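Participant: have a look; sequence and predicted model below, questions after that.
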Amino acid sequence: MTTGVPQYRGRTAQGAATACPAVRPAALYDTVTVPARHGLEAVDILRLRRACGAVRQTESGSAIAFLVPAGTAESWHLPGSSCTPGATVLPPTDPHWIMPPTGPECLVRPTDAWVLRSALCEAACTLTAGGLGPF
């Protein structure tokens, strides 16, 4: 389990962890990557709005990767972040997931790109106001 990052696991109505047969192909998603502190703040904002899709921590632990709909990389221009075509879709049980695929079929729900952009801007303002910026 990755240190310092809350882990959220899918649960059935009985409380047992869901068994996922498979996840969707990576070609259906692009990846928006931001530094870890900035990303975790955005995850909190998105969760409060019930708008957070699948999110994982990078292998090094220094960044957070949001899965967004394919094609987002073509028009993504937000300082402090990068958007790359394609995504690494890990198995749902991988400990790098912050918000893993959920449901009976373990669907990877992407985060809406414009909602994510808004949350990242809000997170940057919050962190800067707290003395943890600039972004």
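Facilitator: Received it, and whenever you're ready, just let me know what you need. Residues are numbered from 1 along each chain as shown.
Participant: rounded mean pLDDT for the longest helix anywhere in the chain, please.
Facilitator: Longest helix of the chain, by residue count under DSSP state H: helix 113-129. In this model, helix 113-129 has a mean pLDDT of 95.
Participant: buried residues, it. List them.
Facilitator: By neighbour count, with 16 or more other C-beta atoms under 10 Å as the criterion, the buried positions of helix 113-129 are 113, 115-120, 123-124, 126-127. Backbone N, C-alpha and C define where each C-beta goes, glycine included.
Participant: got those as JSON lines, with distance to Arg37 columns?
Facilitator: Listed next are the buried residues of helix 113-129 as JSON lines, based on distance: C-beta to C-beta, whole Å:
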{"residue": "Ala113", "distance to Arg37": "21"}
{"residue": "Val115", "distance to Arg37": "20"}
{"residue": "Leu116", "distance to Arg37": "16"}
{"residue": "Arg117", "distance to Arg37": "18"}
{"residue": "Ser118", "distance to Arg37": "18"}
{"residue": "Ala119", "distance to Arg37": "14"}
{"residue": "Leu120", "distance to Arg37": "12"}
{"residue": "Ala123", "distance to Arg37": "9"}
{"residue": "Ala124", "distance to Arg37": "10"}
{"residue": "Thr126", "distance to Arg37": "11"}
{"residue": "Leu127", "distance to Arg37": "7"}
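Participant: fine by me, thanks again.
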